[in-house]
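S.K.: Sequence below, structure please.
(chains A, B, C and D)
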4 protein chains.
Amino acid sequence: MSQNIRAGLVGVTGYTGMELARLMAHHPSMELVRVTSRSEAGKPLSAIYPFLQSIPVGELEITMPDPEDLAQACDIVFLAVPHKTAMEIAATLLDHGVRVVDLSADFRINDKSVYEQWYAVEHTRPELLETAVYGLPELYLDQIAEARLIANPGCYPTSAILGLAPALSESMVATDGIVVDSKSGTSGAGRGAKVGTLFCEVHDSFKAYGLGTHRHTPEIEQEVSKLAGADMTVSFNTHLLPIDRGILSTIYTQLKDDGMDLATVRAAYEKFYAGKPYVRVLPEGQLPETRFVRGTMFCDIGLVKDDRTGRLIIVSAIDNLCRGASGQALANANLMSGLPLETGLPKAPMMP
Amino acid sequence: MSQNIRAGLVGVTGYTGMELARLMAHHPSMELVRVTSRSEAGKPLSAIYPFLQSIPVGELEITMPDPEDLAQACDIVFLAVPHKTAMEIAATLLDHGVRVVDLSADFRINDKSVYEQWYAVEHTRPELLETAVYGLPELYLDQIAEARLIANPGCYPTSAILGLAPALSESMVATDGIVVDSKSGTSGAGRGAKVGTLFCEVHDSFKAYGLGTHRHTPEIEQEVSKLAGADMTVSFNTHLLPIDRGILSTIYTQLKDDGMDLATVRAAYEKFYAGKPYVRVLPEGQLPETRFVRGTMFCDIGLVKDDRTGRLIIVSAIDNLCRGASGQALANANLMSGLPLETGLPKAPMMP
Amino acid sequence: MSQNIRAGLVGVTGYTGMELARLMAHHPSMELVRVTSRSEAGKPLSAIYPFLQSIPVGELEITMPDPEDLAQACDIVFLAVPHKTAMEIAATLLDHGVRVVDLSADFRINDKSVYEQWYAVEHTRPELLETAVYGLPELYLDQIAEARLIANPGCYPTSAILGLAPALSESMVATDGIVVDSKSGTSGAGRGAKVGTLFCEVHDSFKAYGLGTHRHTPEIEQEVSKLAGADMTVSFNTHLLPIDRGILSTIYTQLKDDGMDLATVRAAYEKFYAGKPYVRVLPEGQLPETRFVRGTMFCDIGLVKDDRTGRLIIVSAIDNLCRGASGQALANANLMSGLPLETGLPKAPMMP
Amino acid sequence: MSQNIRAGLVGVTGYTGMELARLMAHHPSMELVRVTSRSEAGKPLSAIYPFLQSIPVGELEITMPDPEDLAQACDIVFLAVPHKTAMEIAATLLDHGVRVVDLSADFRINDKSVYEQWYAVEHTRPELLETAVYGLPELYLDQIAEARLIANPGCYPTSAILGLAPALSESMVATDGIVVDSKSGTSGAGRGAKVGTLFCEVHDSFKAYGLGTHRHTPEIEQEVSKLAGADMTVSFNTHLLPIDRGILSTIYTQLKDDGMDLATVRAAYEKFYAGKPYVRVLPEGQLPETRFVRGTMFCDIGLVKDDRTGRLIIVSAIDNLCRGASGQALANANLMSGLPLETGLPKAPMMP
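M.R.: This is a model prediction of the structure:
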C-alpha cells in the first residue's frame, strides 16, 4: 500500500517499543519501516522478540539511529528513549521535517525550570516546549491534529488527569488537599536488568516506592492546574504491583458542596467525556479493575461519594503500556496523520 | 453491514464464551447477534462482563437458548456448553439448517463406544459423528470449509497433535512409548466457583492433576493414529500452571533412526507446516514460551534431539483459550463461511 | 507433656484455621487438641489439608463443635467462625470457664449500636462487650494477660492502628482528614468458593473494592479515637492484591506543625514501640514491602514527610493471616496463658 | 550459649544464602557467626536483607571471605558460591580443620572427568572427591554424620533421586528409557540481574529451558546408577515456573512386571522411607503440589500406575531453596555436629 503512513521507532528494546510493535502489527494504514537500537542493530526484530516471528513487523531489521535515514524513510517517528536523550533527537528530526511523538518526559513540562528541577538535567531545547502539544486526546484533540511534536503523556499522569479532569473543570472539588494513591504494574519499571524487578523480588509482594517524590508529579500538577484554573499542589504517591500491565489510581478529593449527590457528579463526568470513545464512566456501584482495560486504550473511571467524610473518591484504571504509552502514542500519530483516533487500536480488552 | 455473517453463542458465561466475545469485537464481517445463558438471560452482556462496556458486543442482550430463535437469527452458532448438553442442541440446530461449531467434546471422538467409555455418558446422536469434521485447520482445511458441524478440538489435543503430526506422518519416530507431559494455565479449569481454583490455592504453586486419565487422551490417540497410520497408545499427563492462559506440552519420542540429525527433522516440520500461518517451527536452539503466543492462534514448536538417549523432544505452546478453543472455533467459522482462515483474528501476541 | 496448654479451634476450614494449624505445629508448650467443622467432622485434619500429613497436628480428628467437649478438653479456644456465629459460642464457652480468643468481629466494637449498624445483625451478648479485651498487644498488653475473652483485631485495623498510634497519641497529626488506603492479599477474602476470587479473576489484576464502606472502619475509628483522645472519622478504603498474604496501608495525615522534621517523628515512633518486638520502625528512606513480613508477626512502618504538602505519610505492612489473624491470636493466647508473647511464633520472614 | 555450634556462610547475597539466614534464625543450638560477601562487606546483613531487621542474625556484619578468620571463628562453614570458586575455598577450610558443607556442584560428581565435561572447568582438588559425602540424608545418613566435607545435592537431583530411589533399588522399573520432566520455581535461577528473570519476562508464562543438557544430569545419573546397581542414562529436562519456590518432577518409568499393582509399589516406597521424617509417600489418588512443601524439608511423592501403558509415573515435589539447598545443608550440618537431623528445621509448610 503506497499511501501507507511510514513510521519509525527510535529505541525498540524496552516494553514501550515492544508494545508499539504489537499494535502496529494490527494497523491497517500505518507501517513500521524503521526500528533502531544501538545495542541490537543488524538483527531482525524477531531475533530479540521471538513472539514476532512470522509477523511482517518481525522481519524488520534493527538499524542504528540515523536522523537522515529516519527523515527520508519515515513520515512520523516515535521516540522511546530515556528523557534527555530524546530532546536532541526530536530537534533533529523536526529540522528534517518529520513529525515526532516523544514518549519521554522531555517536552511534557511547559516550564523549563520545573523540568530541570525534577529531572535534574538541563533542557537544551527549550524553544520546542512551546510548539509541543501534550498528547492527551480527551483534552487536546484539535491541537494534536495540528502538531508537529507530541509530548506523549506519562502513564501515571494519564490515569490521574483523566480521573480528575471533570471534577476540577466543573469546580466540584477543592483544589487543595488532593491525594493520588497510584499503583502500577511492573512493566512500568522498564526492561533493564535490575535485582529489584526480578521475578522473585516482585512476585507475591507489594510495596510503596515513591511517596511525594515521583517525577510525574509536576506533569500532573501542570495539567490539573490548567483544568482548575488555579495553581495546584497534589500529593502523588506510587506503589509497585505484581502484575505485568495496569495502573489503578485511587484519588481522594473533597467536594466543595457536601450536599452534592453522586448522580450529579456522575452526570458531569458523563457529559465531560461524551463522545470520547476511550473513557468509560462506570455505573454507580461499579469500580475499575486493571484487567478490564488490559491491552487497550480504555480509561475506566469509578466514582464514590463517602457521605461520612464528604469526600469524592475517584478510581481510574488504564493499561500503562497501551493507554499510558504506546497506544496513546499511536492514537496521537493517527490524529497527526489525519486518521480517526481509533484507527488500528484494539477494540476489546483481553480477559482473563 | 447486511452481508455480515450472523453468529450465535450458546453458553456465554465461561472463559471460552468470554474469549469469543473479545475476538468477535475485532471481526470485520462476522457479528455476534445472539448470546445465551439460562442463568443470566435478560441482562446485557456487559452486565456480566464489565470489560465489554461501551463495545457494541457488550450491548447485546443475553437470551434463553431457543433453537427456533437461534436458527432464524444466526447463520452459524458456537456451542460453549458442557459435553452431553451440546449434542442435543447441535442436532436441533442442524435440523434447522444452521451451521454449528461445537466447542465441547461431543463430536470429537469418531467411535461412539470410546466416547462413552471416557466421558461416562451415552451418546444420543451417534448419527452425527460421521458428518462432524475435526476442526484442526492444519489437518482438515478443505473438509472444514464444507462442514455443517465442526467438532472443535480440545485445548490439550491441539497442542499435542500439532506437535506430533510431522514426526508421525513422516514416520520419523516410534509410535509406541510416546509421553506427552502437558501443563495448562488455570483458565482451562473453567469459570465455576470451586475451592480448588481459588487464587490462593493455585497461585505460587504447581501440581500434576491428571496422569494417564485425562479425557483428552482418546482424542489425541485418534488423531495421531490417523497421522501414523497405526493404532497408537499415548501416555498423556496434565499439570496446572499458575498462569491465566497457555498450554505447553513437552513431548518425548524415540527417533526410529538414531542417526537422523536435527536439521533433517526441522526441515520435515517446516515442510509439513509450509503455508500454515499459525504454526511457527522455531529456529534450532529456541524453545517455546506460553507468553509468545498469548492471545493468538499461534502454535510454536521447538525441537531438540537428545543424542544421549536418541530421543526427539518436541515442545509445543498454544494459548488454550484462543488457539485451544474460541480462536480456533472462529477460524473454523471463517472457513465454513467462505472467508479466509485469518479473518479478524489477532495478528500479534500481547507481550508482556 | 502434661503441663502443655490445651487449645481448641472452632472452624478449621478457612485460611485463618489453616494458619493457626501451621503455627501450632511449631509451638513448644501449647497443643491443638480439638479442631471442629460441621462439614468435615470425622476426618483427620490432614485429609482436608494434605500439607499437614505426617505432622502431629494433622493426625487430629475433626469433630463437630460441642461446647461441653471443648470445655472439658481445652484450656483455651480459638473461634475462627463468621461474626454473629461467634458470639453465642463464645458465651457458652466462657460459661464453662474456658478462655476464648475470638477471631471474628463480634467483640471488637465496644458500642453495641455501632456494631449492629455496620454488621447489620443484632448483638445478642452485649454483656460481654465490657469484659472483652481488644487483642492488640502493643496497646493492651497487661489487659490481655488478665482477659478471659479476647476480641482479636481485624487484619486491616491491625495495620492501620499500629501505623497511626504514635502520631495520634503524641498529637503530631491532625485528627481529621486522615485517609487510609489499604491493599490486601487475596487470602483476606476467605476460602469460600466464589467466582470473584478464582485465580483467573484475581491474577494479573488489581481493583478497589470497598471505598468508605468496609466493616473494619468502626474498629479503626474506635481505637484511633482512644489514642487521640477525640472522636475521629477516618476515610478507610480497601483494594485487592494478587498476592496470597499481606496488607500494606498507605496512610495520609497532616502534620500539626509543618516545621516538624522527620527525625523527630521517627524518634517518637521508636519511643512508642520501644520494647515491642514485632513493630519495626524502618530507617529513613526505607519503605515496607509485604514480602518482608511474610509469615510473621512483624508490622513494618515506614515514614515519609512530604514537604510540599506538609503531610506525614505512614506506610505499614503486615501479614494478614499471621499478624492480622492467627499469629496475633496465638500471641494473645500466650499472654493469657502466662507465656511470653513470642512463644512459638516465627522468628524470621520467608523470603522469597 | 557457649556450647552453640558456630557456623559461617561464604556467599550470602544469593537466594540460598538468604534462605540459610532465615533457617538459622530459628535454630536452637547453631548460630551464624560469619557471613561473607566481597561486594557487600562492611554492612550489617539487614542492610541488604531488610526482612532481617531486628532479628539477631540481621545484626551480623558482612565480612570479606578470609579462611583464617573463618577457621578460627567457625565450627562449620557453608559455601554458597558458584562452582569452581567453591573447590579452593573448601580445600583451604578443610586444611584448617573446619567442616564444610558445599552447596555448589564441585564435589557432587565422583568422577573428575565427568565433572569437567559437564561443567567445562578443570577440577583442581580431585583428591577431595573421595572424602566428600553426597548429602542426601535418606541415602547417606551414617556417612554424613562422619563427614568432614559434604557435597550438598542439587535441587533437581534431590527431587529426581528421592522419587526414583525405591523403584530402582527394588528393581521394580526398567533402568532404561526413564524420563524426568522437572519444573522449577524462579528462585532456582539465582539472584543475578538478568532480563530473562525479570518479573515481566517470567510472570504469567511458562517455558522449557534445558532439554537433555542440564548440568544436574550427571549427578542424577550417578546416584540412580548406584541405586540400580547399573549404569543408567536418564532423559532429564527442565522448565521454568512462575512461582518463587518449588520443584515438581514428573518421572516416567516402565514397570518390569506389568502386573504389579500400585499397592505393592506404594508399600515398597513406604518401606524404603520408613523412619525418614521428610519423605511423605502420599495416599493413592493424591498427587504432590509445590505449595504443600513450601518452606520445608518435605519431599512429597505421588505414585500412579498407568495400566494402558504399563508405566509407573512418579511425581515428587520439594522446596528448591529449603530441601533443595539450604535446609538440606542445615540438616547435614546438624548430623555432622551430632544433632538430630530435624533440629531447628521448619515443622509445617506455609499455606497459602
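S.K.: So the nearest residue to residue A:151 once chain neighbours are set aside: helix, strand or coil?
M.R.: Leaving aside its chain neighbours, residue A:151 sits nearest to residue A:107 (3.7 Å; criterion: CB to CB, 6 or more residues apart in numbering or on different chains). The C-beta positions use only the backbone N, C-alpha and C, and glycine is treated the same way. Three-state call for residue A:107 (DSSP: H, G, I helix; E, B strand; the rest coil): coil.
S.K.: Contact partners for residue A:107?
M.R.: A:86, A:87, A:90, A:128, A:129, A:132, A:149, A:151 (CB atoms under 8 Å, 6 or more residues apart in numbering or on different chains).
S.K.: Just put those residues in CSV and tack on neighbour count and distance to residue A:283.
M.R.: Formatted as CSV, the contacts of residue A:107 follow (neighbours: other CB atoms under 10 Å in any protein chain shown; distance: CB to CB, whole Å):
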residue, neighbour count, distance to residue A:283
A:86, 23, 40
A:87, 25, 43
A:90, 28, 42
A:128, 20, 43
A:129, 19, 40
A:132, 22, 37
A:149, 25, 39
A:151, 28, 34
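S.K.: Next step: the residues you listed restricted to strands.
M.R.: A:149, A:151 (DSSP state E).
S.K.: mind checking which helix or strand the residue lying closest to residue A:343 once chain neighbours are set aside is in?
M.R.: In this structure, residue A:343 finds its nearest non-sequential neighbour in residue A:334, 4.7 Å apart by CB to CB, 6+ apart. According to DSSP states H and E, residue A:334 maps onto helix A:327-336.
S.K.: quick one: that helix to chain centroid distance?
M.R.: Remark: helix A:327-336 is offset 11 Å from the chain centroid, using CA atoms, centre = their mean, to the nearest Å.
S.K.: Tabulate the CA atom coordinates of it in PDB.
M.R.: In PDB, the C-alpha atoms belonging to helix A:327-336 read as follows (Å, rounded to 0.1, in the frame of the first residue of the first chain):
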ATOM      1  CA  GLY A 327      -1.300   3.000  22.300                       C
ATOM      2  CA  GLN A 328      -1.700   6.700  23.200                       C
ATOM      3  CA  ALA A 329       1.300   7.500  21.000                       C
ATOM      4  CA  LEU A 330      -0.300   5.600  18.100                       C
ATOM      5  CA  ALA A 331      -3.600   7.400  18.700                       C
ATOM      6  CA  ASN A 332      -1.700  10.700  18.500                       C
ATOM      7  CA  ALA A 333       0.000   9.600  15.400                       C
ATOM      8  CA  ASN A 334      -3.300   8.700  13.900                       C
ATOM      9  CA  LEU A 335      -4.600  12.200  14.600                       C
ATOM     10  CA  MET A 336      -1.500  13.900  13.300                       C
END
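S.K.: quick one on the thing from earlier: nearest to residue B:235, out of the contacts of residue A:107: which one, please.
M.R.: residue A:86 (55.6 Å; CB to CB).
S.K.: Name the nearest residue to that closest one, sequence neighbours excluded.
M.R.: Using CB to CB, 6+ apart, the closest residue to residue A:86 is residue A:104 (3.8 Å).
S.K.: For the one you found, give its distance to chain D.
M.R.: Distance, residue A:104 to chain D, by CB to the nearest CB, to the nearest Å: 20 Å.
S.K.: for that residue, helix, strand, or coil?
M.R.: coil.
S.K.: looking at it, it is touching residue A:82, isn't it?
M.R.: Yes. Counting by CB atoms under 8 Å, residue A:104 touches residue A:82, with 6.3 Å between them.
S.K.: And these two? Which one has more around it.
M.R.: It is residue A:104, of residue A:104 and residue A:82, that has more neighbours when counted by other CB atoms under 10 Å in any protein chain shown, with 23 against 13.
S.K.: Which pLDDT value does the model give that one?
M.R.: Model confidence at residue A:104, given as pLDDT, is 98.
S.K.: can you check residue A:2 too?
M.R.: 43.
S.K.: number of nearby residues for residue A:113?
M.R.: 10.
S.K.: and the helix or strand encompassing it, is it in reach of chain C?
M.R.: Residue A:113 is part of helix A:112-119, with elements assigned from DSSP H and E. No. Figure legend: helix A:112-119 not in contact with chain C (CB under 8 Å from any CB of the partner chain); closest approach 11.6 Å.
S.K.: just how off-centre is that helix within its chain?
M.R.: Centre to centre, stretch against its chain (CA atoms, centre = their mean), the figure for helix A:112-119 is 20 Å.
S.K.: Stretch A:26-41 now?
M.R.: 19 Å.
S.K.: gap between the two ends of that stretch?
M.R.: Distance across stretch A:26-41, first residue to last, is 24 Å (CA to CA, to the nearest Å).
S.K.: List the buried residues of it.
M.R.: For stretch A:26-41, burial by neighbour count (16 or more other CB atoms under 10 Å in any protein chain shown) applies to A:26, A:27, A:30, A:31, A:32, A:33, A:34, A:35, A:36, A:37, A:40.
S.K.: closest to residue D:330 among those?
M.R.: Using CB to CB, the buried residues of stretch A:26-41 come closest to residue D:330 at residue A:40, 44.3 Å.
S.K.: Please name the residues that touch that closest one.
M.R.: A:12, A:13, A:47, A:48, A:62.
S.K.: same thing but 6 Å
M.R.: Each residue near residue A:40 by CB atoms under 6 Å, 6 or more residues apart in numbering or on different chains is listed here: A:48, A:62.
S.K.: tell me which element it falls in.
M.R.: Using DSSP H and E, no helix or strand contains residue A:40.
S.K.: Tell me both backbone torsions, phi and psi, for it.
M.R.: phi -120, psi 10 (degrees, to the nearest 10).
S.K.: For whichever residue of the stretch 151-300 of chain A sits closest to chain B, which non-adjacent residue is spatially closest?
M.R.: Nearest residue of the stretch 151-300 of chain A to chain B: residue A:292, at 3.9 Å (CB to the nearest CB). Distances taken as CB to CB, 6+ apart put residue B:51 closest to residue A:292, at 3.9 Å, once the chain neighbours are dropped.
S.K.: centre of the chain versus stretch A:271-286, how much separation?
M.R.: Worked out by CA atoms, centre = their mean, stretch A:271-286 lies 19 Å from the chain centre.
S.K.: That one - what's its average pLDDT?
M.R.: 97.
S.K.: who are the neighbours in contact with residue A:253?
M.R.: Under the contact definition (CB under 6 Å, 6+ apart), the residues listed for residue A:253 are A:173, A:178, A:312.
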